[in-house]
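*Asks:* after the sequence you'll find the predicted model.
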Amino acid sequence: MTAPTSAEAINLILDGCEEAGISMFLLQSLPHCRPAQYEGWLGERGLEPFDAQDRVVRGGSPLDAAGPTSGREFAVERVSRDSADEWVAFMERVYRLDTGPWLPELIGRAGWHQYVVREAGELVGARGMYIGSDGIAWLGMDGPVPGVMTDDYELDAALCAFIVEDGLARGARSFIADIELPSSDQATPAYENFARLGFSRPYVRTHWTRC
């Protein structure tokens, strides 16, 4: 976004969703959104805050920290076409979704990279990375989501450490990710784990929808 929004622009978005039969959608608000009436306009149109996430970012500096230090042994690996079926089955089970044919198509697709972590040989976690043409690497598609689906934060910490290192080797200039269970005082292990990898939190973003 390069300019402040307007009530008319929001109407166009909502009308377009209605005309297309889209009943489930999210609009975001950030502390930087302009004008100041933006969130009020969303509320006037029947939207409500759905959830909030903390955005965390890091630059392209070398990784000078490792993952978890508890003594647990994790093995992180890239998903290949040979291991795609196992990864798909895991993600569908974690998210309780039937993804159909599209999810395995991400394996080998330009810019997309998927990873899994194993403990004692068992697949216990997954996360993805997309590196755009601008060199910005987005980390997402994590499962189980720390703090939301599981209290085990170490799995994702091991994944993120491996992914950042792999992303740097593949030319990523910066990284962005989200903490899906935000804490105003940064009191969950996710903040410490991301900070260890050089991430910081610039803002919290809120999703709005029609509940």
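*Replies:* Structure received.
*Asks:* use CA for all of it now, contacts and neighbours both
*Replies:* Noted.
*Asks:* so which bits of the longest helix anywhere in the chain are buried?
*Replies:* Using DSSP state H, we find that the single longest helix of the chain is helix 154-169. Neighbour-count burial for helix 154-169 flags 154-165, 167-168 (criterion: 16 or more other C-alpha atoms under 10 Å).
*Asks:* over to stretch 38-58?
*Replies:* Quick answer for stretch 38-58 (16+ other C-alpha under 10 Å): 38-39, 42, 47-49, 52-58.
*Asks:* pretty sure residue 118 is touching residue 75, no?
*Replies:* Yes. Contact criterion C-alpha atoms under 8 Å: residue 118 and residue 75 qualify, at 5.1 Å.
*Asks:* before we move on, which element is the residue nearest to the spatial centre of the chain in?
*Replies:* Centroid check for the chain by C-alpha atoms, centre = their mean gives residue 140 as the closest residue, at 3.1 Å. Secondary structure from DSSP states H and E places residue 140 in strand 136-143.
*Asks:* show me what that strand is packed against.
*Replies:* helix 84-95, strand 122-131, strand 174-179 (3 or more C-alpha pairs under 8 Å, 6 or more residues apart in numbering; DSSP states H and E).
*Asks:* 10 Å - rerun?
*Replies:* strand 48-58, helix 84-95, strand 112-119, strand 122-131, helix 154-169, strand 174-179 (3 or more C-alpha pairs under 10 Å, 6 or more residues apart in numbering; DSSP states H and E).
*Asks:* the buried residues of stretch 38-58: which two are farthest apart?
*Replies:* Across the buried residues of stretch 38-58, the longest distance by C-alpha to C-alpha is 31.9 Å; it joins 47 and 58.
*Asks:* re earlier: now the longest helix of the chain: average pLDDT?
*Replies:* Mean per-residue pLDDT for helix 154-169: 96.
*Asks:* please apply the same query to stretch 120-128.
*Replies:* 97.
*Asks:* same question for stretch 94-112.
*Replies:* pLDDT averaged over stretch 94-112 gives 95.
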